[in-house]
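1. sequence first, predicted coordinates after that:
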Amino acid sequence: MKKSNYFALIGSTFLIIGVFIPYVRVSVKIAQTYNFLSLPFFQISPICGSIILILALLGLIEVIILKTSSLSLFAGIGSLGISVVWVIISRGMDPFSWRELIPTYAHLYVLSWYLSLGPSFLIIGSLLMLISALIKRKE
């Protein structure tokens, strides 16, 4: 297996994991107690999460079955774009915006929030896919 394929394999694995691990932690007040809710990216934005998951699975299938990494550029740019846009959107949000974004938690009093490991996994996975595509072009 070529070096570019290893980068694509690791990158798509990071993307698949990144969609399901906590993206944001929200501190809420429920009946006089304070709790933390961990929300994965897939729950915050199912459409964008599905797009990243499809791109990652296509990259993973391509590396495992076809032993190439030609879709890595497409998957890397697509997932990096979605990830960076969501980090920018979420960094500019106040705590009350999370209630509007996720209707399930609209009744909760949101105290604070912070980004968790999800954005890191998504951005690192996207960058690894792009590195794979760049190495592939040089080979």
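-> Looks like it came in fine.
2. now do the helix or strand hosting Lys136: which elements does it pack against?
-> Assigned by DSSP states H and E, Lys136 belongs to helix 118-138. If contacts are counted by 3 or more CB pairs under 8 Å, 6 or more residues apart in numbering; DSSP states H and E, helix 118-138 sits against helix 3-20, strand 22-30, helix 46-61, helix 72-91. For the C-beta atoms, the positions are set from N, CA and C on the backbone; glycine is no exception.
3. send me that helix as CSV with only the CA atoms.
-> Written as CSV, here are the backbone C-alpha positions of helix 118-138 (Å, rounded to 0.1, in the frame of the first residue of the first chain):
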residue,chain,number,x,y,z
GLY,A,118,-15.3,16.6,17.4
PRO,A,119,-14.1,19.7,15.4
SER,A,120,-10.5,18.6,16.0
PHE,A,121,-11.1,15.1,14.6
LEU,A,122,-13.0,16.5,11.6
ILE,A,123,-10.4,19.1,10.7
ILE,A,124,-7.5,16.7,11.2
GLY,A,125,-9.2,14.0,9.1
SER,A,126,-9.9,16.5,6.3
LEU,A,127,-6.3,17.7,6.3
LEU,A,128,-5.1,14.1,6.1
MET,A,129,-7.3,13.4,3.1
LEU,A,130,-5.9,16.6,1.4
ILE,A,131,-2.3,15.5,2.2
SER,A,132,-3.1,12.1,0.7
ALA,A,133,-4.3,13.8,-2.5
LEU,A,134,-1.2,15.9,-2.7
ILE,A,135,1.1,13.0,-2.2
LYS,A,136,-0.9,11.0,-4.8
ARG,A,137,-0.3,13.8,-7.3
LYS,A,138,3.5,13.7,-6.7
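4. neighbours of Ala133, how many?
-> Applying other CB atoms under 10 Å, we find 23 residues neighbouring Ala133.
5. quick one on the thing from earlier: mind listing what's buried in the helix holding Lys136?
-> Residues 118-133, 135-136 are the ones in helix 118-138 that count as buried (16 or more other CB atoms under 10 Å).
6. what's the least confident stretch among the helices and strands packed on helix 118-138?
-> Across the helices and strands packed on helix 118-138, strand 22-30 has the smallest mean pLDDT, namely a mean of 74.
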